[in-house]
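Q: Provided below are the primary sequence and the corresponding predicted coordinates.
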Amino acid sequence: MKQFTLGKSERLKSRKLTEELFSHGQRITVFPYRVFYMFQKSENLIVKSKLQCGAAAGTRNFKKAVDRNRIKRLTREAWRLQKTMLGKKMEGHSHTLLLFLIYTGKELPVFSFVKEKLAIIVEKLLIIADENIASDT
């Protein structure tokens, strides 16, 4: 896995997988993000990457598409820079992590704030991945 990339195979684009994630996945909240995640066996999925991530910002708080797109860009960039430890943990196992980050704050964030919050999210996901992978082996 290349270290600091976020290619097409690492983005959660499948409507079927996204619906399954929202209906059967678990969630954690790290303000201002609500994080939906789900671990699945890789044999069940046709994916090329062990991590797939999507991002969203709601129209309730951000009426302008420019603002929503900026939040999604900041979120994807912070994820791209911080996902390496989680990717290394997932490499040796037969699981795939599906992840969706929803920004629920009311103000436009700056990059340092987003990066700090995603660092906390990655730490929590590392702990959850340890528990999940250990329970399946």
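A: Great, that's in hand.

Q: which outside residues touch the lowest-mean-pLDDT helix or strand in the chain?
A: Confidence across the helices and strands of the chain bottoms out at helix 84-91, with a mean of 85, counting by mean pLDDT, DSSP states H and E. Applying C-beta atoms under 8 Å, 6 or more residues apart in numbering, the external contacts of helix 84-91 come out as 1, 3-4, 50-51, 96-97, 122, 125-126, 129-130, 133. Using the backbone N, CA and C atoms, a C-beta is placed for each residue, glycine as well.

Q: any idea which of the residues you listed is closest to Tyr103?
A: Ranking the contacts of helix 84-91 by separation from Tyr103, with C-beta to C-beta as the measure, puts Val122 on top at 16.1 Å.

Q: and the closest one, how many neighbours does it have?
A: 16 (other C-beta atoms under 10 Å).

Q: swap in the one 5 residues further on?
A: As a burial measure, Ile127 scores 9 neighbours (other C-beta under 10 Å).
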